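K.L.:
fold the stuff below for me.
(2 chains)
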Amino acid sequence: DAKTTQPTSMDCAEGRAANLPCNHSTISGNEYVYWYRQIHSQGPQYIIHGLKNNETNEMASLIITEDRKSSTLILPHATLRDTAVYYCIVRPAGLSNTGNQFYFGTGTSLTVIP
Amino acid sequence: DSGVTQTPKHLITATGQRVTLRCSPRSGDLSVYWYQQSLDQGLQFLIQYYNGEERAKGNILERFSAQQFPDLHSELNLSSLELGDSALYFCASSARTREETQYFGPGTRLLVL
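P.N.:
Purely as a prediction, here's the structure:
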């Protein structure tokens, strides 16, 4: 079950930073925050994940608040190809005997505008 | 290209029929996941296999079944098809040491008429 709340849609100007918020107020201590995105009708794509420290990779940055009840995914220089649905998911990390599936919510539909 | 392949890309069939969707995970990945994405339900987890054994079940109907073979490829069997089974079916795989990163295939688009 999705334990996150995200805005339904957002717009961002091309070349500007896209900041996508996510609320996860009931997150447990052993749960990580994951971000995936899905470009229209393609398979979802992993972006980044973190526990409590801010994380950065070649695609994005993840900022998690100190109380871990919310986070922000930052695409530093959005391009038209970043137009997609972005999913914020919380889930324990590590190989689990009960499965490692993701429960995707409705996500945020990001439109990058030329 | 995620390295996960799915066949066929498109499938059109009639109600009551049975179809098989195939997935080849990335080389070396032991886990295979199946997800269904329909317009009204969003992306839903169906089932996970790990090294040939069922690991977790989600919202998978009894008319649906899956298996993972010794070579690690997986098949999802859908039987007694109904109009509502029309959807995109995605397969994903993950490595044992990086299970947080699931690599999704391009999907199979199923249309039941």
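
K.L.:
contacts and neighbour counts: CA atoms only from here.
P.N.:
Noted.

K.L.:
what helix or strand does the residue lying closest to residue B:57 once chain neighbours are set aside sit in?
P.N.:
Sequence neighbours aside, residue B:47 is the residue nearest to residue B:57 in space, at 4.5 Å (criterion: C-alpha to C-alpha, 6 or more residues apart in numbering or on different chains). Counting by DSSP states H and E, the element that carries residue B:47 is strand B:42-50.

K.L.:
other SSEs contacting that strand?
P.N.:
Using 3 or more C-alpha pairs under 8 Å, 6 or more residues apart in numbering or on different chains; DSSP states H and E, the elements in contact with strand B:42-50 are strand B:31-38, strand B:53-57, strand B:64-68.

K.L.:
before we move on, back to that, how many neighbours does the residue nearest to residue B:57 have?
P.N.:
The number of residues packed near residue B:47 is 24, by other C-alpha atoms under 10 Å in any protein chain shown.

K.L.:
show me where chain A has helices.
P.N.:
Using DSSP state H, chain A contains no helices.

K.L.:
which residue is nearest the centroid of it?
P.N.:
For chain A, the residue nearest the mean C-alpha position is residue A:35 (3.0 Å; C-alpha atoms, centre = their mean).

K.L.:
would you mind measuring from residue A:78 to chain B?
P.N.:
From residue A:78 over to chain B the distance is 21 Å, taken as C-alpha to the nearest C-alpha, to the nearest Å.

K.L.:
now do that residue, the pLDDT please.
P.N.:
On pLDDT, residue A:78 comes in at 96.

K.L.:
and it, what does it touch?
P.N.:
Going by C-alpha atoms under 8 Å, 6 or more residues apart in numbering or on different chains, residue A:78 touches A:12-18, A:112.

K.L.:
6 Å instead, please
P.N.:
Counting by C-alpha atoms under 6 Å, 6 or more residues apart in numbering or on different chains, residue A:78 makes contact with A:14-17.

K.L.:
could you do residue A:101 as well?
P.N.:
By C-alpha under 6 Å, 6+ apart, residue A:101 has no neighbours at all.

K.L.:
just to revisit the earlier point, enumerate every residue touching the residue nearest to the centre of chain A.
P.N.:
A:47-48, A:87-88.

K.L.:
just list whatever residues bridge to the residue lying closest to residue A:88 once chain neighbours are set aside.
P.N.:
Excluding the flanking residues, the one nearest residue A:88 by C-alpha to C-alpha, 6+ apart is residue A:35, at 4.7 Å. Applying DSSP bridges to residue A:35 gives these bridge partners: residue A:48, residue A:88.

K.L.:
against residue B:61, how distant is the closest residue to residue B:74 other than its chain neighbours?
P.N.:
Using C-alpha to C-alpha, 6+ apart and skipping the chain neighbours, the partner closest in space to residue B:74 is residue B:68 (4.2 Å). From residue B:68 across to residue B:61, the span is 18 Å (C-alpha to C-alpha, to the nearest Å).

K.L.:
which one's more surrounded, those two?
P.N.:
Ranked by neighbour count (other C-alpha under 10 Å), residue B:68 and residue B:61 place residue B:68 first, with 23 against 10.
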